[in-house]
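Asker: no sequence for this one, just the structure:
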Ligand SMILES: Cc1ncc(COP(=O)(O)O)c(C=O)c1O
C-alpha cells in the first residue's frame, strides 16, 4: 500500500498529487517586498514527471479509460510538458505515444520526449500552436488521431484538462492555506489550471480573486499563450477570472533570475511570468494570501535562458572546443556532388520508372508515411538503412532502385548508402513526396 506520510509508493502513478499529497507551496520571503500580503509559490515540478501537466496527462488517460475508450496509441499536440506526462502515463499503461510539436519548443524538451519513448513529429509551427494551420501541430495531431487504433485526447478541448485542476490543484491550495487563500494566480496556456482550480476555489469562497497572466504577442515563453492565441483557446473563459495581465519576456526572465538568486527557487520562465503578473495585481493588505502556480523548473529551458540573459552567457562561453569530425567535409562534398549529379531525377521520371516496375524505397519515418504515401513503395526508414537493414530490397545489386523522402535530402543520403552497399543503379527523387503530391501524382 502506498503511504504519503512515509512517502513510500507502490507505483509511480500513486505519486500524482491530491489534497492528501499536494505539491508544496513555499512562501516568497524577499521578492514581493510586501509588509502584509503573503505570497506563496506552488511548486509544480514536484509532480512525478516534473511539471504541472502531469495532473492533466493522468486525468486525460484515466477519463478515457473510464469512458471505456479502447486506447492503443495516443497522439497529442504539446509544448512539451503534456507530452512528457502523457508518454510516462502511456508507458505505465503500455500504450504508444506520438507528439506533434513546433521545432521552436526548446531542444531540452524535445530531447526528453524522445528519450522517454515518444514518437516525435516536429513541425514548422509557432511556439504557441494555433488551430486552423494545416501544417501546424494541432491539425497534424487531429489528422493522426483519426487513424484506426489512434486517439487524440485533446488537452485543448477535453474537459478532463480543467477537471484535473478542479479535482486536485484547487483542493490542494484550499487545504494548504487552511481556506485563507485570497488570490490565486496562474499563467495561461490551455487555461486548464486557472479554469479548473479557479472554479473550485470560487465555489469555496466567491471572494477568492482568480488572476490570469499571459505573455505578449511574439513571446518566447514555452507553455503559455498570447492574448491572440488565447482568444482561440476553448478553456479561456475571461468572464470567470477577476483580472488578466500581460507580461513581457524581459519582465518574466528578469524575475526568474531574482527567484534563483533571492529565493533559491529553481523557477522556469512561466513562473517568472506568473509572479510578475501577481506582483502587479495583489494588494499589500493584511489578510491577503496569494498562491501563484509555478508550472515548471528551469532545467528544460536552459536554451531559452541563454537567449534572454545574454550578459550571463557571453559568446566566449559557447566556444567550448568540440572535436570536429575531420571527415565531415568530405561527406558534405560527396552529398553536394550527388545532388548535382545525374542520379537525381524529377517526380515525372520517377513515375515512369515506377510504372516500369522499378523498386521504389520510401525512407521517411512511419508517422510521415502514415500521412501520405505511394502504396507500392517499400518502406525503409533512413535510420534503419544506415544501420544496414536491407528489408524488402532486391538481392540483385544491378536491379534499378529509386529512393524518395519528404523533400529530397534523406533520399539522397539513402542513395549514397545504397551505392556504398553495392547497388549500382540508384536514383533519388528531387523534391520528394512534397513534389509528388503537388504534381498530382497518385498517392494515398
Ligand atoms: C511550463 C508551462 N507553463 C504554463 C503552462 C500553462 O498551463 P495551462 O495549460 O493549464 O494553462 C503550461 C502548460 O502546458 C506549461 O507547460
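Answerer: That came through, no problem. It should be emphasised that the depicted structure is a prediction, and the values quoted were computed from it without experimental measurement.
Asker: what about residue 231, how many neighbours?
Answerer: Other residues lying near residue 231 total 11 when counted by other Cβ atoms under 10 Å. Using the backbone N, CA and C atoms, a C-beta is placed for each residue, glycine as well.
Asker: now do the contacts for residue 441.
Answerer: Residue 441 makes contact with 347-348, 351, 374 under the criterion Cβ atoms under 8 Å, 6 or more residues apart in numbering.
Asker: next, it: phi, psi?
Answerer: For residue 441, the backbone dihedrals (degrees, to the nearest 10) come out as phi -80, psi 150.
Asker: then residue 154?
Answerer: Summarising the backbone geometry of residue 154 under the convention degrees, to the nearest 10, its torsions are phi 60, psi 80.
Asker: could I get the contacts of residue 441 as CSV with pLDDT, distance to residue 420 and neighbour count?
Answerer: Putting the contacts of residue 441 into CSV (pLDDT from 0 to 100; distance: Cβ to Cβ, whole Å; neighbours: other Cβ atoms under 10 Å) gives the following:
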residue, pLDDT, distance to residue 420, neighbour count
347, 96, 25, 23
348, 96, 28, 12
351, 96, 27, 19
374, 96, 25, 19
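Asker: determine which two of those are furthest apart.
Answerer: Greatest spatial distance among the contacts of residue 441 (Cβ to Cβ): 348 and 374, at 13.9 Å.
Asker: wait, residue 72 sits on residue 95?
Answerer: Yes. At 6.5 Å, residue 72 and residue 95 qualify as touching, with contact defined as Cβ atoms under 8 Å.
Asker: who's more crowded, those two?
Answerer: It is residue 95, of residue 72 and residue 95, that has more neighbours when counted by other Cβ under 10 Å, with 18 against 12.
Asker: how about the residue nearest the centre of the chain, nearest residue that isn't a chain neighbour?
Answerer: When the chain is reduced to its mean C-alpha position, the nearest residue by Cα atoms, centre = their mean turns out to be residue 80, at 2.4 Å. Closest residue in space to residue 80, ignoring its immediate chain neighbours: residue 109 at 3.3 Å, by Cβ to Cβ, 6 or more residues apart in numbering.
Asker: in contact with the one you found, which residues?
Answerer: Contacts for residue 109 (Cβ under 8 Å, 6+ apart) come out as 79-81, 83-84, 222, 300.
Asker: save these as TSV, and put in pLDDT and distance to the ligand too.
Answerer: As requested, the contacts of residue 109 are arranged in TSV below (pLDDT from 0 to 100; distance: Cβ to the nearest ligand atom, whole Å):
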residue	pLDDT	distance to the ligand
79	77	5
80	88	6
81	95	4
83	96	9
84	97	9
222	93	6
300	94	8
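Asker: in CSV: these, plus distance to residue 30 and secondary structure.
Answerer: Formatted as CSV, the entries for these read as follows, by distance: Cβ to Cβ, whole Å; DSSP: H, G, I helix; E, B strand; the rest coil:
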residue, distance to residue 30, secondary structure
79, 30, coil
80, 30, coil
81, 28, helix
83, 34, helix
84, 31, helix
222, 26, coil
300, 25, helix
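Asker: residue 271 against residue 278, yeah?
Answerer: No. Taking Cβ under 8 Å as the definition, residue 271 is not a contact partner of residue 278, at 10.3 Å.
Asker: any shared contact partners between the two?
Answerer: Common neighbours of residue 271 and residue 278 (criterion: Cβ under 8 Å, 6+ apart): residue 292.
Asker: so, low pLDDT: which residues of this protein?
Answerer: Low-confidence regions of the chain, defined here as pLDDT under 70, cover residues 128, 131-132, 316-323.
Asker: show me what from it comes close to the ligand.
Answerer: Taking Cβ under 6 Å from any ligand atom as the contact definition, the chain meets the ligand at 51-53, 79, 81-82, 187-193, 222-224, 268, 270, 295-296.
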